[in-house]
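Chemist: Let's see this in three dimensions:
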Amino acid sequence: MSFTGPSASSAGRRTFDFGRTYVVRPKGKHQATIVWLHGIGDKGNGWSSLLETLPLPNIKWICPTAPQQPLTAFGGFPSTAWFDVSALSENAIDDIEGLDASAAYIASLLANEPPNIKLGLGGFSMGAAISLYSATCFASGKYENGSQYPVNLSAIVGLSGWLPCAKSLSSKIEGVHEAAGRAASLPILLCHGRGDDVVAYKFGEKSSEKLSSAGFQDLTFKSYSRLGHHTIPEEMDEVCGWLTAKLGLEGA
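Modeler: Residues are numbered from 1 along each chain as shown. Okay, here's the model as predicted:
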């Protein structure tokens, strides 16, 4: 699907061709829908098969596939990615256009869910990054380009990821009563391995600290001593228990 994101009429904007979306239907009563986002180079089905095995029968999972685009960090080599990234560094330039386009596309996947269904986002690595960026857009009520953020989020999960646009986060939230309230009440779970050699542990830790200092008060940060850049059953058990509690899900 081709998507140019909010304010798509501006000349010279990139076009983002999103790939196939995979859906895991709830096995029990549908209480929540979560869009789960893969990392660089992966596809939606890379996670849908794992999510289907989790003891969360009341969740519908939507697993989209990111656009194929050249990545600066890979010397311009194309890969599936939610936005361009030059480096994992506090001084790296954020790809605002790519972030906004992907966040808007992801939000559109939730826009038509029934009104009584709780909505959430989660992801791994760059998928976690775009989930956290979306959380900041939800809190502020708008994307970085000023377009309105359209859905109400109830939970965010980020595994082995980082927070884009961290430097400008406080200014997006501070002084806006509605933004501060949304930030304070949005549950966020961050998990990171101390042995991560792709997205260093310090980036996960700093992301957690930045979100907390900006007013995201319902934040849980879990570290795993020997975990690298992948997931383990212990981590997914944490995700299952946390989602069940925060979304008020019924038992299996």
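Chemist: where does the stretch 151-252 of the chain have low pLDDT?
Modeler: Filtered on pLDDT under 70, the stretch 151-252 of the chain yields the residue ranges 251-252.
Chemist: how about the helices in it?
Modeler: All helices of the stretch 151-252 of the chain, identified by DSSP state H, counting those that start in this stretch, fall at 169-173, 177-185, 201-213, 233-246.
Chemist: which one of those helices lies closest to residue 117?
Modeler: For the helices of the stretch 151-252 of the chain, distance to residue 117 was read as C-beta to C-beta. The smallest value, 13.7 Å, belongs to helix 233-246. Glycine gets a C-beta too; all of them are placed from N, C-alpha and C.
Chemist: Check which helices and strands the closest one sits against.
Modeler: For helix 233-246, the helices and strands in contact under the criterion 3 or more C-beta pairs under 8 Å, 6 or more residues apart in numbering; DSSP states H and E are strand 155-159, strand 188-193, strand 219-224.
Chemist: from these, which stretch is densest packed?
Modeler: Ranked by mean neighbour count, the helices and strands packed on helix 233-246 are led by strand 155-159 with a mean of 27 (mean count of other C-beta atoms under 10 Å).
Chemist: Starting from that strand, tell me which strands it pairs with and how they run.
Modeler: Take DSSP bridges as the rule and strand 155-159 pairs in its sheet with strand 118-124 (parallel), strand 188-193 (parallel).
Chemist: ends of stretch 190-206, how far apart?
Modeler: Terminal residues of stretch 190-206 lie 11 Å apart, using C-alpha to C-alpha, to the nearest Å.
Chemist: if we can go back for a sec, for the helices of the stretch 151-252 of the chain, give me JSON lines that also has distance to residue 25 and mean neighbour count.
Modeler: Compiled in JSON lines, the helices of the stretch 151-252 of the chain are given as follows (distance: least, C-beta to C-beta, whole Å; neighbours: other C-beta atoms under 10 Å):
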{"stretch": "helix 169-173", "distance to residue 25": "35", "mean neighbour count": "18"}
{"stretch": "helix 177-185", "distance to residue 25": "29", "mean neighbour count": "15"}
{"stretch": "helix 201-213", "distance to residue 25": "31", "mean neighbour count": "19"}
{"stretch": "helix 233-246", "distance to residue 25": "17", "mean neighbour count": "16"}
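Chemist: Fine by me, we can end here.
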